[in-house]
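In: how does the following fold in three dimensions:
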Amino acid sequence: MIAPDISGYGDNATSFALPTTLAEEIEALSPRLSESGDPLHIVGHSYGGALAFKIATDPRYASRVRSLTLIEPVLPTILMESGSDRRLYEHFARLGYAIYEDLWKGCSMEAIEKFLTFWRGSGPEERLSSNALARLVEQAEKLAFDFASVLAEQNVTSAAAAIRVPTLLISGGLSPYLTQRVVGRLASTISGADTKYLPAAGHMLAISHAPSINPDIARHIARADEFANLSLALRAFSEEAPVVIS
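Out: As a prediction, the model looks like this:
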């Protein structure tokens, strides 16, 4: 398993040039993607889910992807194409601008509070540890770049419609309505996508509800491997089987 740190976080917290698009984020991840073997089973949550989607729909990597798991991916521009959902996109865009404005003024704590309040959704308020809050403050600048990246992504619906690998979509009932709608739109666009909905889970369900979703992810990956192996076996048989005419 490879769990790379994206630009601005973890071992890449001191990245000199921060990406402003998902394509630039993927370019920064390309060395790790190149060193991994085939096939790729991509699992992504939140902003990482947007990156997972971008990898699975990037011509350089799409043929290497065998399965895709998206846990509330942040792909707000897919909502621009629906009149009833567009207000959710506009609200998210305003949030991004407000956070950018706070960061520009040097008000990191205010920016972080807006960020946390949105992603808390309808879930209970959770107090971050002092260490976690300190890390957020240190990396607050990256929030503006993350918002810029997801708001710049275009043609999400057409890219989703082209996905041909087994896809699992996961969302929680206490998450922001925006991410629930994103998952709903993806589910209606990606052919044959499976969905898992946890009514009592919030946006951080990848951590809070790991025991509930990890077995589903493991089964999803195993089924994708079984299907791929069966397809390869059938292809080999069809190529080698003699033609008998009686």
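In: what bits of this protein have low per-residue confidence?
Out: Residue ranges of the chain with pLDDT under 70: 14-16, 231-246.
In: wait, what's in contact with residue 213?
Out: Applying CB atoms under 8 Å, 6 or more residues apart in numbering to residue 213 gives the contacts 71, 170, 196, 198, 205-206. Every residue, glycine included, has its C-beta placed from N, CA and C.
In: among those residues, which are in strands?
Out: 71, 170, 196, 198 (DSSP state E).
In: any idea which helix or strand carries residue 168?
Out: If you go by DSSP states H and E, residue 168 is part of strand 167-172.
In: export that strand to CSV, keeping only CA atoms.
Out: Provided in CSV are the C-alpha atoms of strand 167-172 (Å, rounded to 0.1, in the frame of the first residue of the first chain):
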residue,chain,number,x,y,z
THR,A,167,-16.2,2.1,-8.5
LEU,A,168,-17.4,2.3,-4.9
LEU,A,169,-18.8,5.6,-3.6
ILE,A,170,-19.2,6.2,0.1
SER,A,171,-20.9,9.0,2.0
GLY,A,172,-22.4,9.9,5.4
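In: can I assume residue 217 is in contact with residue 167?
Out: No - here residue 217 does not reach residue 167: they are 11.8 Å apart, not a contact under CB atoms under 8 Å.
In: returning to that earlier point: tabulate the contacts of residue 213 (CSV), appending neighbour count and distance to residue 27.
Out: Formatted as CSV, those follow (neighbours: other CB atoms under 10 Å; distance: CB to CB, whole Å):
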residue, neighbour count, distance to residue 27
71, 26, 23
170, 27, 27
196, 20, 31
198, 17, 33
205, 24, 29
206, 21, 25
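In: which two of the residues you listed have the greatest separation?
Out: Spanning the widest gap among these are 196 and 206, at 12.0 Å by CB to CB.
In: so is the most centrally placed residue in the chain in a helix, a strand, or just coil?
Out: Residue closest to the mean C-alpha point of the chain, counted by CA atoms, centre = their mean, is residue 49 at 0.7 Å. Secondary structure state of residue 49, per DSSP: H, G, I helix; E, B strand; the rest coil, is helix.
In: wait, what's in contact with it?
Out: Residues counted as contacts of residue 49 (CB under 8 Å, 6+ apart) are 70-75.
In: what segments of the protein are strands?
Out: Assigned strands in the chain, in chain order: 40-45, 65-71, 167-172, 194-198 (criterion: DSSP E).
In: hang on, isn't residue 138 packed against residue 13?
Out: Yes - Residue 138 lies in contact with residue 13 (CB under 8 Å); the separation is 7.3 Å.
In: ranges for the helices of the chain?
Out: Counting by DSSP state H, one finds helices in the chain at the ranges 22-35, 47-56, 83-104, 108-120, 130-138, 141-152, 156-161, 177-189, 205-208, 210-240.
In: thanks a lot, catch you later.
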